[in-house]
Structure formats: structure tokens, C-alpha cells
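Visitor: Sharing a sequence plus its predicted fold:
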Amino acid sequence: EDQLYGGGLSVRTTLEPKMQEYARKALMDGLTAYDRGHGFRGPVASVDISGDWGPAVAAIKPLSDVPEWELAVVLSTDGNSDAIGLRPDNDVEGKLLADRKTGTLAAADSKWVGKKFGTLKAGDVVYVAPVSGKDGSYQVEQVPEIEGSLVAMDPRTGRVLAMVGGFSEAESEFNRATQALRQPGSAFKPIVYSAALDN
């Protein structure tokens, strides 16, 4: 106990933070790109926006480990551009902030949604991400239905440099990199062939 609290604790890992960041982004981009090819599935939820829409949107919990995305409610639509209200933050005491941030969703920035962009209606809650270079402009995002994992290793030493177990741990704590069972596939062939060569 004296050693732990007085001498300090040293934790060593082979994970490289920068490579971990790249791995997470690569997996996230790959899963969302594949999922987008299968179309937009619709809003996360719908809320009443007749009064102050802030508390209703704040009640919907976003994915805590996907900080690039925010929840937003559609305030009005005109087919090519929708006015949105971003999910309000809480202050240090946990109370909802009074200010309401707004932005726009342009069909041109969310081409993958296709014709379904026009089906969004006032009150629909969707995930959005800011469009780089366009202040106050956002694009529609959606949580992919498919999952994946990524492990980057140094083949000489076996050190694990980066590991991502799925799209979002907040959505699913199941780590596909360490907990998923897989068929051995072609990796099993050398064992069969070596047994055949022995005989």
C-alpha cells in the first residue's frame, strides 16, 4: 500500500495514442461510408417543437464517444435547406443552458441521403456534423447498422499498436476485437496441409 500510494504506479502499454486516433477514424469512416451506401433510415426520434425545443432534445442522449457528431432537431424545411436547432449543453450544475444554437442542413452537403432528405420534417431529431469551411452548416449523419473492429500490430514483436472494438462503446460495450469469435478461415489451411505432408 505504501509503495502504491507513496512510490507511484507505473502502467506500460504498447498502444500508440496517435495511431489509436487514426485507427478509430479509419474504422468510423469505413463503417459510415458502407452504411451510407444503403440509404438513410430516418430520424433518431421526433419531438414537439411548438414551444422551447431545448429540453426535449436534451432528453435524448447522444453517443458520448463520437464527439464529432451532435444531435439536432429540424425546426423548418424547404426541400433544399432545413433550419436546425442543436442539442443544448448543461452548465456545471447540470442545468440546461438557456441559449439555443441553430444552423442549417443543406441537401447539397448531405447528398448520400438522396430523396429522403426531403422527407425530414419539423421535429425530427438527427445526428449532424459540421461541414468544414462553412460556418453554421451541417450534414446529416447516422449510426451504422453494421459493426467492425480493427487491430494494428507490429508483426516483429507482436505489440498491439492500436485497437478499436466497434463503432461506439456507448452504443455497444461488446469489443469485437477481443470478444468476438471468428471462423479460422484460410489461416487453418497450413495446419491441414502440414498434416497431409507429414503423412
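Guide: Happy to help now that I have it. Residues are numbered from 1 along each chain as shown.
Visitor: what are the ranges of the strands in this protein?
Guide: 45-46, 70-77, 81-86, 102-106, 124-130, 137-141, 150-153, 160-164 (DSSP state E).
Visitor: can you put those in TSV and add distance to residue 184?
Guide: C-beta here means a position set from N, CA and C on the backbone, and glycine is covered the same way. Below are the strands of the chain laid out as TSV (distance: least, CB to CB, whole Å):
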stretch	distance to residue 184
strand 45-46	42
strand 70-77	41
strand 81-86	47
strand 102-106	46
strand 124-130	37
strand 137-141	36
strand 150-153	16
strand 160-164	20
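Visitor: Redo those strands as CSV? Include mean neighbour count and distance to residue 93.
Guide: CSV is the format used below for these (neighbours: other CB atoms under 10 Å; distance: least, CB to CB, whole Å):
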stretch, mean neighbour count, distance to residue 93
strand 45-46, 15, 26
strand 70-77, 20, 21
strand 81-86, 20, 21
strand 102-106, 18, 25
strand 124-130, 21, 25
strand 137-141, 21, 29
strand 150-153, 16, 39
strand 160-164, 19, 34
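Visitor: for those, which one sits closest to residue 37?
Guide: Nearest to residue 37, of all the strands of the chain, is strand 137-141, at 14.4 Å by CB to CB.
Visitor: Of the strands of the chain, which is nearest residue 190?
Guide: Nearest to residue 190, of the strands of the chain and by CB to CB, is strand 150-153 at 19.0 Å.
Visitor: what mean pLDDT would you report for that closest one?
Guide: Averaging pLDDT along strand 150-153 yields 95.
Visitor: for it, packing partners?
Guide: Counting contacts by 3 or more CB pairs under 8 Å, 6 or more residues apart in numbering; DSSP states H and E, strand 150-153 is packed against helix 17-36, strand 160-164.
Visitor: and the ones you listed as a markdown table, adding mean pLDDT and distance to residue 187?
Guide: Shown next, in a markdown table, are these (pLDDT from 0 to 100; distance: least, CB to CB, whole Å):
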| stretch | mean pLDDT | distance to residue 187 |
| --- | --- | --- |
| helix 17-36 | 96 | 21 |
| strand 160-164 | 96 | 18 |
